[in-house]
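Enquirer: what would the 3D arrangement of this be:
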Amino acid sequence: MKKIKSIAALSLAFLMMAGMAGCGSTAGGNGDGTAANAGTSSEGGSTASSGEIKEFTAFFAVPGNELNSDNRVQNVIAEKIGAKCKETWLTGQTAEEAIGVMIAGGEYTDFIVGSSGSTTLIDAGALIPIDQYWDNYPNIKNFYSDAEWNQIRNADGHIYIIPQFGNVYMYDTGTIHNDEAFWIQTRVLEWAGYPKIETLDEYFDVIERYIEANPTMEDGTPNIGYEILTDDWRYFCLENAPFFLDGYPNDGCCIVDETTHQAIDYNTTPTAKRYFQKLNEEYKKGIIDPETFTLNYDQYIAKLSSGRVCGMVDQHWNFQDAENAIKQQGLDNCTYVPVGVVIDKGIEERYHSESALDATGGIGITTSCDDIEGAMKFIDDLLSPEILTLRNWGQEGIDYLVDENGLFYRNEEMRKNAVDQSYLNANMCPYSYFPNYEGMNHDGINACNANNQPSEFYEALPEPVKKCFDAYGVQTYTQMLNPSRENSPWFPMWSYSNAFTTETPWGLAKVNMDEVKHEYLPKVVISEDFESAWSEYLTVYNDRCDTEAYLNALTEEVQRRIEVAQGS
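Expert: Numbering: from 1, shown residues only. So this is what the prediction gives:
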């Protein structure tokens, strides 16, 4: 089997290389094939000095939506800056597999986002040192502070990637909880009289009662109480709820005791056992979809898109396509809102956190790019104020309007277009995995992103969501949860563990922990004898995994980050 997989990988490598031919090439806007230069302005956007458009390529080791080849806003941006980029996304492989194929072939797209394979790309010498070029590109150099760039800097002193997310301009304007939570549909909450849901037991009690009273949708399709995604790296939807239930923020790889600053394994806590026992009970009752552990990501999104699923744990960004599909079908009462569920009353939930820098991942320019200066200019131009507005709002008069005070807003047709994936693919070009800002637009008047424009946000909500928010006395999704606290100096620890490799004892331990959890936790949930299944899981987990090495490494990193924050 391994040999067959290797042959398949090599075949894919050849296909990828063929698709990369002509990286950084130019294509005549008038189709005459003649070369020309393009001018740029780092402050106010760029203007192409001729009809010639440079064409770059990018591969992102995450699933995503490909834009139509004649995408309207992409063409507008290209006309202004003299360049565009063909984006391709991960399909049918893990990030590590896809990046491994590229490294084996030694050929890359111009830009690349390695996801969990970023470290491998750097180690393989596949990326150019961005800091050797950025003096001519102030939008890139000033994207982060010197202290933040130092967190991103590689051990050899160079910077090879630009983390794209979590960079807040001026201040946070977030209205959508884009992170993890227990999600529940507004139709369930309305039926139950908009109850206050605080605990895991209360959450499932509402869903159980709703399913008993409403076994099907209006068209007779059976309702599903609860869905769990465990496909590949997305099995966080199953396994990391225990630290949230105990009132900790999303450090991802561990709990950090705020007094002792010790890393704690959340996988074996008493709360973890209670959580999985509850899932086991709900599975036996038929509340959890019996197909849940056989679903791949696309099948999971399809089930959510149908409106049948009452609730789940997930990161909002992970099911946004399903949310858009629900809106397109007019199933507005099936929209999901977050609830801050804990294991016992009295625990303060901490689901919503301020944006944090993830220094382990980002976009890089590869050694296969034959126009590094052009690639640097492309990123720099994408960070200019005019182009940022095009990426995040679209074109004035088509995608948004402006009032007499300079405030952006949309009409009803524009709001419908903004959740229509077909329309977005054909008309909008966020260049979503290139560096971008959160918070305020550079005009100081509007939010950077239309979804975070306070006046626009509430008006764009479906009526069932407005009714739900009114019942709970809130106006945004984030207000359904506790306000974020100031991040601890070590937060988030996943930005450290994501860079682990199997060359270290703690990196090997992490791989083993992930494998054991991925294999055994679904068995725990569906087992007829929970105690026996839980005991087997713990036995295998403790036998295979060097958790001491893992937790010691995390604790040392916590201490190091505290010292850095204190200026030591």
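Enquirer: for residue 111, list the residues it contacts.
Expert: Contacts for residue 111 (Cβ atoms under 8 Å, 6 or more residues apart in numbering) come out as 56-59, 85, 363-366, 369, 375, 434. C-beta: built from backbone N, CA, C; applies to glycine.
Enquirer: apologies, that question was intended for residue 336.
Expert: By Cβ under 8 Å, 6+ apart, the residues touching residue 336 are 183-186, 311, 319, 323.
Enquirer: switch the cut-off to 10 Å
Expert: Counting by Cβ atoms under 10 Å, 6 or more residues apart in numbering, residue 336 touches 181-186, 188, 304, 309-312, 314, 316, 319, 322-323, 326, 465, 477.
Enquirer: residue 383 too?
Expert: Residue 383 touches 42, 137-140, 142-143, 162, 167, 391, 434-437, 442, counting by Cβ under 10 Å, 6+ apart.
Enquirer: any buried residues in stretch 252-266, and which?
Expert: For stretch 252-266, burial by neighbour count (16 or more other Cβ atoms under 10 Å) applies to 252-256, 262-266.
Enquirer: how about stretch 457-471?
Expert: 457, 460-462, 464-469.
Enquirer: residue 228: what's it in contact with?
Expert: Per Cβ under 10 Å, 6+ apart, neighbours of residue 228: 235, 237-239, 279, 283, 288-289, 292-293, 295, 300, 312-314, 521-522, 525.
Enquirer: next one: the closest residue to it other than its chain neighbours from residue 217, what distance?
Expert: With sequence-adjacent residues excluded and distances taken as Cβ to Cβ, 6 or more residues apart in numbering, residue 228 is closest to residue 292, at 4.7 Å. Distance, residue 292 to residue 217, by Cβ to Cβ, to the nearest Å: 19 Å.
Enquirer: okay, those two: which has more neighbours?
Expert: Shown here are residue 292 and residue 217; by other Cβ atoms under 10 Å, residue 292 has more neighbours (24 against 15).
Enquirer: how near is the more buried one to residue 286?
Expert: Look at residue 292 and residue 286: by Cβ to Cβ, they are 12 Å apart.
Enquirer: joint contacts of the two?
Expert: Residues within reach of residue 292 and of residue 286 at once, by Cβ under 10 Å, 6+ apart, are residue 224.
Enquirer: could the contacts of residue 111 be laid out in TSV, adding distance to residue 132 and neighbour count?
Expert: Formatted as TSV, the contacts of residue 111 follow (distance: Cβ to Cβ, whole Å; neighbours: other Cβ atoms under 10 Å):
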residue	distance to residue 132	neighbour count
56	19	23
57	22	23
58	21	24
59	23	24
85	22	24
363	16	22
364	13	25
365	11	30
366	15	24
369	14	23
375	13	26
434	20	21
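Enquirer: so which of those sit within helices?
Expert: Judged by DSSP state H, the subset of these located in helices is residue 375.
Enquirer: the contacts of residue 111 in strands, which ones?
Expert: 56-59, 85, 363-365 (DSSP state E).
Enquirer: which residue packs closest to residue 341, ignoring adjacent ones?
Expert: Closest residue to residue 341 apart from its sequence neighbours, by Cβ to Cβ, 6+ apart: residue 182 at 4.3 Å.
Enquirer: can you report phi and psi for the one you found?
Expert: When read as degrees, to the nearest 10, the backbone of residue 182 gives phi -80, psi 120.
Enquirer: where in the protein is pLDDT low?
Expert: Within the chain, the segments meeting pLDDT under 70 span 1-51, 567-568.
Enquirer: for the stretch 151-300 of the chain, just list every one of the helices.
Expert: Counting by DSSP state H, counting those that start in this stretch, one finds helices in the stretch 151-300 of the chain at the ranges 186-191, 200-213, 236-239, 241-245, 270-285, 297-305.
Enquirer: C-alpha coordinates for the fourth one, CSV please?
Expert: The C-alpha trace of helix 241-245 is given here as CSV (Å, rounded to 0.1, in the frame of the first residue of the first chain):
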residue,chain,number,x,y,z
ALA,A,241,-14.1,20.9,24.4
PRO,A,242,-13.0,19.9,28.0
PHE,A,243,-10.7,22.9,28.4
PHE,A,244,-13.6,25.2,27.4
LEU,A,245,-15.9,23.4,29.8
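Enquirer: other SSEs contacting that helix?
Expert: Here helix 241-245 touches strand 180-185, strand 255-256, helix 270-285, going by 3 or more Cβ pairs under 10 Å, 6 or more residues apart in numbering; DSSP states H and E.
Enquirer: export these to CSV and tack on distance to residue 346?
Expert: Formatted as CSV, the helices and strands packed on helix 241-245 follow (distance: least, Cβ to Cβ, whole Å):
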stretch, distance to residue 346
strand 180-185, 18
strand 255-256, 18
helix 270-285, 13
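Enquirer: of all these, which lies closest to residue 381?
Expert: Closest of the helices and strands packed on helix 241-245 to residue 381 is strand 180-185, at 33.9 Å (criterion: Cβ to Cβ).
Enquirer: now do the closest one against helix 200-213, angle only.
Expert: Compare the direction of strand 180-185 with that of helix 200-213 by axes from the mean of the first three to the mean of the last three Cα atoms, to 10 degrees and you get 30 degrees.
Enquirer: how about the strands in the stretch 1-150 of the chain?
Expert: Listed in chain order, the strands of the stretch 1-150 of the chain (DSSP state E, counting those that start in this stretch) span 25-28, 52-60, 83-89, 111-113.
Enquirer: return the most buried member of the ones you listed.
Expert: Of the strands of the stretch 1-150 of the chain, the one with the most neighbours on average (mean count of other Cβ atoms under 10 Å) is strand 111-113, at a mean of 27.
Enquirer: ok, that one: who's next to it in the sheet?
Expert: Its sheet considered, strand 111-113 pairs with strand 52-60 (parallel), strand 363-365 (antiparallel) by DSSP bridges.
Enquirer: among these, which is nearest residue 340?
Expert: Among the strands paired with strand 111-113, strand 52-60 comes nearest to residue 340, with 31.5 Å by Cβ to Cβ.
Enquirer: tilt between the closest one and strand 83-89?
Expert: Going by the same axes, to 10 degrees, strand 52-60 makes 20 degrees with strand 83-89.
Enquirer: centre of the chain to strand 52-60, how far?
Expert: Strand 52-60 sits 23 Å away from the centroid of its parent chain (Cα atoms, centre = their mean, to the nearest Å).
Enquirer: from the chain's centroid, how far away is stretch 175-188?
Expert: 15 Å.
Enquirer: can you measure across it, start residue to end residue?
Expert: Separation of the first and last residues of stretch 175-188 by Cα to Cα, to the nearest Å is 22 Å.
Enquirer: tell me which residues in stretch 272-292 are buried?
Expert: Within stretch 272-292, the residues scored as buried using 16+ other Cβ under 10 Å are 272-273, 275-276, 278-280, 282-283, 287-289, 292.
Enquirer: thinking again about what came up before, turn the ones in strands among the contacts of residue 111 into a markdown table, columns for distance to residue 338.
Expert: What follows is these, written out as a markdown table (distance: Cβ to Cβ, whole Å):
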| residue | distance to residue 338 |
| --- | --- |
| 56 | 37 |
| 57 | 37 |
| 58 | 32 |
| 59 | 32 |
| 85 | 34 |
| 363 | 29 |
| 364 | 33 |
| 365 | 37 |
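Enquirer: closest one of those to residue 222?
Expert: residue 59 (39.7 Å).
Enquirer: you'd agree the residue nearest to residue 228 is up against residue 229?
Expert: Yes. Counting by Cβ atoms under 10 Å, residue 292 touches residue 229, with 8.0 Å between them.
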